[in-house]
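**Student:** Fold the following for me, if possible:
(one chain, ligands or ions: 1)
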Amino acid sequence: MIFRLFNLLFLELILILPLSDSLIAISDKQRAPINPPLPYTTDQFKENANLQSSDIFTEAKQDPEAFWEKQANCLNWFHPWDQVLEWNPPDAKWFNGGKLNACYNCLDRHMQTETRNKIAIYWEGERGEKKSLTYEDLYIEVNKFSNVLKSLGVQKGDRVAIYLPMIPEAVVAILSCARIGAIHTVVFGGFSADSLANRILDAEAKLLITADGGFRKGKVVTLKEAADTAIEQCPCIKNTIVIKHTDLPVDMQLEKDHWYHDLMKEAPATCPPEEMDAEDTLFILYTSGTTGKPKGIIHTTGGYMVGATMTTRWVFDIKPSDIYWCTADIGWITGHTYVIYGPLSNGMTQLLYEGVFDWPERNRPWQLIEKYGVTILYTAPTAIRTFMKWGEEWINGCNISSLRLLGSVGEPINPEAWMWYYTIIGKKKCPIVDTWWQTETGSIMIAPIPGITPLKPGSATFPLPGINALILNDLGEPSSSGSLVLTSPWPSMLRGIYNDRARYEKSYWKQLGNGYYFTGDGAMKDDEGYFWLTGRIDDIIKVSGHRLSTAEIESALVDFKGVAEAAVIGVSDQIKGQAIVAFVVLKEDFIFDGSLESTLKQHVVKQISAIARPERIIFIYELPKTRSGKIMRRLLRDIAEGRLLGDTMTLTDPSVLEEIKNKYNED
Ligand code: WT7
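**Tutor:** Next comes the predicted model:
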């Protein structure tokens, strides 16, 4: 009887507790619904989603280290770690003492499972050539190429530069470096010889892997030629390996240049993976900062691989049958994490496409999706807005019904583009994961988990489990709008800037102090706690999702003989997100025949890359400067965006603004 009474009481307790919970919920509901319907995620998607319960967020909050320790079991370790995290801001060590190999986790471990015979990569060249590689094919190729690298003297810790188009050998090159413990530094194939040289020199790379060329919009990109120009300035490069891709003649030098296919013929078939410490560097990737010099972002092995592997699972809700297509180039962090390490460590099948979207016609992406049955598409807002501009007719002729999940990355996605992506591409059945992260964060930080998070068009939603973000106002207090910071360390965080400790501290940690990571992004939070990213708040601009620093472009401009001074700003652009506008002051005695504007644009392309080509160059007599000589880019932005001019009191000569305004609005 007593037992029964106890039981009843207990039952009542259980009944009352959720009841009181829901009472709170009801009063809250008017403001912020706790369980709103998920209008953008179908019931069918939710029911089939890998993650359906928000317990994962609670678990991560309760004990972050235990949470990350559990996640680290997604990898194969040769030796377990001694400590999950050692955090001496701004220095983090994750899984210290643990031993593993990133390539082993992407390939070897699948050799014992049925993934061995699964397609890892469907590759299609711009001209329609095709190749497919199973995990075993890739494993064999990587073992051999690892031996090739070793035979040319590459050792653990050496830096290897990779300057390639989107071809399977690029994946082989990257994984082979990881296999032997060499540090890869991939340079986007669209970068100029000068940009390549700067990166090689900074990283002190020993070997360069390139190709005879690549295809882009039906034309050949002469990579080998650019590589040759670059390494004339780089005595550190002892050997160059050249992949035959275009079959066009290139200049090969006897001692230094080697054909990939020749070396591969001789290479032994097996190469054991190097046992790497969790904190050993996996790669260096250069990205733009706020000065003219790019930063070599350092990522290490253990934490990075945990971040890459787990975020791929959470955000893309991956299934063994998925055909995944991330359109990013391997030269960017998205290519590293969500073309190479994340998908391969998870044994996914993916499409790798070499060319541009409108070659030979604007229906190319949709034809590819139809042909390969792509289920997950991960691309950039600038691409989505371009597809929107091209019009639906290019899509209508293709069957893209295989798609089940869509992703966005690289810049804020405007709600209009989001809705178009959702309706026209996703046919209202694919959730959209808007993923916010950076080269520095290594993996996705803020994004929906599609089976759990209700979506809002234009919002990256919430930080992922184990990630803590805050928005701070000018006073450094938590606020609903201001500067986005990450308040606790995470496994895939950068470990430094190569050869520049002071810059690492200054760029990310000293802005606010207290161990918070400064992202450089502006953000807002709505009543329901959703994050809305609003763009950079520093001198970095995002052009078609490409990250550029205004200072980098300015120094390319002033490098031109007739230019005295230059100021570069990003202005809103309907397709590209931001476009580059340069204000240039010429030297007084400079005389030029022909079109100076186009010559200067070409100069920037030669110095940096076509992605840095200014949209407009406006020649003026003087830049707006403070008495201490600081260029007021903010006022230039005000002029460009047609805003009322901000405070002009500190200017040496406020009248220069009138001239600039007239010039800007002239053409
Ligand atoms: C910057 C990082 C993240 C991989 C590709 C770019 C912007 C990135 C989003 C997004 C709003 C975004 C930020 C960030 N950004 N994703 N979903 N919504 N902004 O990497 O070249 O290092 O650029 O890209 O401004 O700081 P990145």
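**Student:** alpha carbons only for contacts and neighbour counts from here, please
**Tutor:** Fine.
**Student:** Spatially nearest residue to Leu100, not counting backbone neighbours?
**Tutor:** Trp77 (4.7 Å; C-alpha to C-alpha, 6 or more residues apart in numbering).
**Student:** Isn't Asn76 up against Cys106?
**Tutor:** No. Contact status for Asn76 versus Cys106: not in contact, 9.9 Å apart, counting by C-alpha atoms under 8 Å.
**Student:** Which secondary structure elements does whichever helix or strand Gly520 is part of sit against?
**Tutor:** Element membership for Gly520, per DSSP states H and E: strand 517-525. Here strand 517-525 touches strand 469-472, strand 481-486, strand 531-536, going by 3 or more C-alpha pairs under 8 Å, 6 or more residues apart in numbering; DSSP states H and E.
**Student:** Could you identify which of those strands is most buried?
**Tutor:** Of the helices and strands packed on strand 517-525, the one with the most neighbours on average (mean count of other C-alpha atoms under 10 Å) is strand 481-486, at a mean of 23.
**Student:** Contact residues of the protein facing the ligand?
**Tutor:** Applying C-alpha under 6 Å from any ligand atom, one finds that the chain approaches the ligand through 333-334, 409-412, 434-439, 521, 533, 535-536, 546-547.
**Student:** More neighbours: which of Asn76 and Cys106?
**Tutor:** Cys106 (28 against 18; other C-alpha atoms under 10 Å).
**Student:** so how far does stretch 318-325 reach from one end to the other?
**Tutor:** Counting by C-alpha to C-alpha, to the nearest Å, you get 12 Å between the two ends of stretch 318-325.
**Student:** begin at 87 from here
**Tutor:** Yes, from this point I'll number from 87; that puts the last item at stretch 404-411.
**Student:** any chance you could map the strands in the stretch 137-286 of the chain?
**Tutor:** Secondary structure of the stretch 137-286 of the chain (DSSP state E, counting those that start in this stretch): strands at 169-174, 177-182, 185-186, 205-210, 216-220, 245-249, 269-272.
**Student:** okay if I get those strands as JSON lines plus mean pLDDT?
**Tutor:** Shown next, in JSON lines, are the strands of the stretch 137-286 of the chain (pLDDT from 0 to 100):
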{"stretch": "strand 169-174", "mean pLDDT": "98"}
{"stretch": "strand 177-182", "mean pLDDT": "98"}
{"stretch": "strand 185-186", "mean pLDDT": "98"}
{"stretch": "strand 205-210", "mean pLDDT": "98"}
{"stretch": "strand 216-220", "mean pLDDT": "98"}
{"stretch": "strand 245-249", "mean pLDDT": "98"}
{"stretch": "strand 269-272", "mean pLDDT": "98"}
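**Student:** In CSV: those strands, plus mean neighbour count.
**Tutor:** CSV is the format used below for these (neighbours: other C-alpha atoms under 10 Å):
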stretch, mean neighbour count
strand 169-174, 15
strand 177-182, 22
strand 185-186, 24
strand 205-210, 22
strand 216-220, 15
strand 245-249, 27
strand 269-272, 28
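**Student:** a markdown table please, covering those strands and showing distance to Thr386.
**Tutor:** A markdown table is the format used below for those (distance: least, C-alpha to C-alpha, whole Å):
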| stretch | distance to Thr386 |
| --- | --- |
| strand 169-174 | 14 |
| strand 177-182 | 9 |
| strand 185-186 | 11 |
| strand 205-210 | 24 |
| strand 216-220 | 27 |
| strand 245-249 | 14 |
| strand 269-272 | 10 |
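**Student:** hmm, back to that, let me have the helices and strands packed on strand 603-611 in TSV, extended by mean pLDDT.
**Tutor:** Output for the helices and strands packed on strand 603-611, formatted as TSV (pLDDT from 0 to 100):
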stretch	mean pLDDT
strand 555-558	97
strand 567-572	97
strand 617-622	96
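**Student:** what pairs with the strand holding Gly606, and is each one parallel or antiparallel?
**Tutor:** Strand 603-611 pairs in its sheet with strand 567-572 (antiparallel), strand 617-622 (antiparallel), by DSSP bridges.
**Student:** who's in contact with it?
**Tutor:** By C-alpha atoms under 8 Å, 6 or more residues apart in numbering, the list of residues contacting strand 603-611 from outside reads 557, 566-574, 593-595, 597-598, 617-624.
**Student:** where exactly do the helices run in the stretch 87-236 of the chain?
**Tutor:** Counting by DSSP state H, counting those that start in this stretch, the stretch 87-236 of the chain has helices at residues 88-115, 129-134, 141-148, 150-157, 188-192, 221-237.
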